[in-house]
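Enquirer: here's a sequence, model it:
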Amino acid sequence: MFKNVSIYPNPTQGKINIDLGILKDVTINVFNVNGQLVYHKKNITTSTYQFELKEVSGIYFIEISTQKEKQLYKLIVK
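Expert: Residues are numbered from 1 along each chain as shown. Reported below is the predicted structural model:
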């Protein structure tokens with residue numbers, strides 16, 4: 001289900017594009033390396049989604065979830 005998901009650019013300067021493929025009714029959570037939630041958006045129904053992450057440089061984890069399953073992706077912010 002998540003095989004067509006792509007997150008770009010990675011590494012990023014802050015602007016993130018996510019191609020969600022066929023996923024519908026998606027929730028996106030972004031966590032820093034300490035596990036703190038730094039971004040949250042739910043009920044995404046479009047096939048592509050763009051947002052700005054205004055955080056310090058480092059490694060972040062993007063959790064993309066549907067009602068049935070979730071997947072974690074690593075993101076590097078320059």
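
Enquirer: show the pLDDT at the most centrally placed residue in the chain.
Expert: When CA atoms, centre = their mean is applied to the chain, the residue found nearest the centroid is residue 62 (4.0 Å). On the pLDDT scale, residue 62 is placed at 98.

Enquirer: for it, list each beta-bridge partner.
Expert: residue 30, residue 73 (DSSP bridges).

Enquirer: wait, doesn't it sit right on residue 29?
Expert: Yes - counting by CB atoms under 8 Å, residue 62 does reach residue 29; the two are 7.5 Å apart. Glycine gets a C-beta too; all of them are placed from N, C-alpha and C.

Enquirer: how near is the nearest residue to residue 33 once chain neighbours are set aside to residue 68?
Expert: Distances taken as CB to CB, 6 or more residues apart in numbering place residue 59 nearest to residue 33, at 5.4 Å, with adjacent residues excluded. Residue 59 is 27 Å from residue 68, where distance means CB to CB, to the nearest Å.
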